[in-house]
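**Q** Here you go, sequence then predicted model.
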Amino acid sequence: MSSEEYAPPKYVQIVQSIRRRIEDGTYAPGSLLPSETQLVKEFHVSRPTVVRALQVLQLRGVIEREHGKGSFVKAAPPVAVEENSRPGRAVLDRAEADENGVLVNAGAHPAPGSVAKLLGVPEKTPVMMRRVLFRDADRPIDLVTIWCLAELADGTGLGSSDLLAVSIRQHLQEAKGLKLEHVAERLSARHPSADEAKLLELRKTAPVLGVLASVYNGGGRPALVVDLVLPGDLHELEDAYSL
């Protein structure tokens, strides 16, 4: 199998390239990064791929983005931490419409046992399920399923067939005044289910990273469960912290 099959997703390659240029002084603190159009041409990718890379850099505190002005290198970029260090948070801060999202399904669905337990409801209780597949230019890169308590999903766009133009966290705050404050994640290495393998275009024996995250509101109650599936050959998780 060729090494190209194990290359990181295009947006990760852009993130890594920009980080290296910041570290070697090509992009000095406070300087303006190339425009989205320039990055699209340089890396030969789609605009959503560039937007996702810039969002990752912004979330990691490496750059600041100003509407109508562009993206600027922060004066003191933090210690490098890869974009998947907090996968649950990253999901909540992604805008589906900006990142090559493809809606798989959305609507009421009986909560499976593991999800029901995390949400604090009986198994098979009807909850809102929203599943979106994200693609790079070449292949699927992750599969996200959001499970939300029915009463919290009511009046939101989580059941809509349209891709969300803002992040789930921002959407819930705007639609319901719901503030998400805490995430608890559980990671596992496993094989994909038949549905996951089909959607992610993987062999049934391919390794995946599974992230099951409980998301709590400001009152400490579970509001969402994020089920994230990452192809093992495209992702690794890294963290940095003080002792």
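**A** That came through, no problem.

**Q** And residue 207, how far from residue 196?
**A** 12 Å (Cβ to Cβ, to the nearest Å). Backbone N, C-alpha and C define where each C-beta goes, glycine included.

**Q** between those two, who's got more neighbours?
**A** Neighbour tally, residue 207 and residue 196, criterion other Cβ atoms under 10 Å: the higher count belongs to residue 196, 22 against 14.

**Q** ok, now which ones touch that one?
**A** Counting by Cβ atoms under 8 Å, 6 or more residues apart in numbering, residue 196 touches 143, 202, 208, 229.

**Q** I'd say the second one and residue 195 touch.
**A** No. At 11.1 Å, residue 202 and residue 195 do not qualify as touching, with contact defined as Cβ atoms under 8 Å.

**Q** who has more neighbours, the two?
**A** The neighbour comparison of residue 202 against residue 195 (other Cβ under 10 Å) goes to residue 202, with 20 against 12.

**Q** How much space separates the residue nearest the centre of the chain from residue 168?
**A** The residue lying closest to the centre of the chain (Cα atoms, centre = their mean) is residue 91, at 3.2 Å. In this view, residue 91 and residue 168 are 7 Å apart by Cβ to Cβ.

**Q** what about this structure, any weak spots by pLDDT?
**A** For the chain, residues meeting the criterion pLDDT under 70 lie at 1-8, 76-85, 137, 236-243.

**Q** And it, what are its domain boundaries?
**A** Here the domain parsing of the chain from automatic domain parsing is 3-73, 87-231.

**Q** Show me the common contact partners of residue 91 and residue 168, please.
**A** With Cβ under 8 Å, 6+ apart as the test, residue 91 and residue 168 both reach residue 146.

**Q** give me phi/psi at residue 221?
**A** phi -100, psi 150 (degrees, to the nearest 10).

**Q** same thing with residue 98?
**A** Dihedral angles (degrees, to the nearest 10) for residue 98: phi -90, psi -10.

**Q** Report the contact partners of it.
**A** Applying Cβ under 8 Å, 6+ apart to residue 98 gives the contacts 48, 51-52, 55, 165.

**Q** can you rerun that using 10 Å?
**A** 47-52, 54-55, 163-167 (Cβ atoms under 10 Å, 6 or more residues apart in numbering).

**Q** and if you look at residue 21?
**A** 27-28, 31, 33-34, 73.

**Q** cutoff 7 Å now
**A** Counting by Cβ atoms under 7 Å, 6 or more residues apart in numbering, residue 21 touches residue 27.

**Q** is it true that it lies in a helix?
**A** Yes. Counting by DSSP: H, G, I helix; E, B strand; the rest coil, one finds residue 21 located in a helix.

**Q** For residue 229, what is the enclosing helix or strand?
**A** Element membership for residue 229 (DSSP states H and E) is strand 222-231.

**Q** Neighbouring strands of that strand in the sheet, and parallel or not?
**A** Using DSSP bridges, the strands paired with strand 222-231 are strand 140-148 (antiparallel), strand 208-217 (antiparallel).

**Q** Can you say which of the ones you listed is packed in most?
**A** strand 140-148 (a mean of 23; mean count of other Cβ atoms under 10 Å).

**Q** Which SSE is immediately downstream of it?
**A** Criterion used, DSSP H and E; the element after strand 140-148 is helix 150-153.
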